[in-house]
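Q: I'll drop the sequence and a predicted model, then ask my questions.
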Amino acid sequence: MSIELKYLALTAMLTASLWIPYIVAQATTNGFLRPENYVDPTPRKVPLWGQRADRVYLNAVETFAPFAALVILIQLTGKADAMTAFWAACFFWLRVAHAVVYLAAIPYIRTIVFVLGYVSVIGLFVELMK
């Protein structure tokens, strides 16, 4: 497996797991779901860290698609090289850092980490277009 595909798989698992803190916030704040919660899907109140957990998950889902598409296209076109491996690794580790700083409510750093993750996606795109 290429380095890019390895980081795509790791990013997929990270993204797939980031719902867990939000559910923990829901269960610890509101208890387990009751039948009426299945009828009315209105989100129940959670503390601020739970709201941040929800946003971490949604943000990860939103950024996963462009990353995945570029990694797959790089593989299909045979353009994988040291730079695409570098950008894929950067994206994954920046997503890990983003989740940590977002959950910890660290201002400014969260934005910087997010922008650097976007730079990684641009890096993959540039390498694909060469």
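A: Structure received.
Q: Quick check: phi and psi at Ala80.
A: phi -70, psi 130 (degrees, to the nearest 10).
Q: can you pull the contacts of the residue most central in space within the chain?
A: Against the mean C-alpha coordinate of the chain, by CA atoms, centre = their mean, the closest residue is Ala60 at 2.5 Å. By CB atoms under 8 Å, 6 or more residues apart in numbering, the contact set of Ala60 is Leu14, Thr15, Leu18, Arg95, His98, Ala99. In this view, the C-beta of every residue, glycine as well, is placed from N, C-alpha and C.
Q: ok, now Ala12?
A: Contacts of Ala12 by CB under 8 Å, 6+ apart are Phe64, Ala68.
Q: quick one: pLDDT of it?
A: For Ala12, the model assigns a pLDDT of 98.
Q: what about the residue nearest to the centre of the chain, which helix or strand?
A: helix 48-77 (DSSP states H and E).
Q: Give the buried residues for that helix.
A: 50, 52-54, 56-57, 59-60, 63-64, 67, 70-71, 74-75 (16 or more other CB atoms under 10 Å).
Q: before we move on, back to that, from the contacts of Ala60, list just the buried residues.
A: Thr15, Leu18, Arg95, His98, Ala99.
Q: Nearest residue to the second one in space, please, no chain neighbours.
A: Translated: Leu18. Sequence neighbours aside, Tyr57 is the residue nearest to Leu18 in space, at 4.2 Å (criterion: CB to CB, 6 or more residues apart in numbering).
Q: Cheers, nothing more for now.
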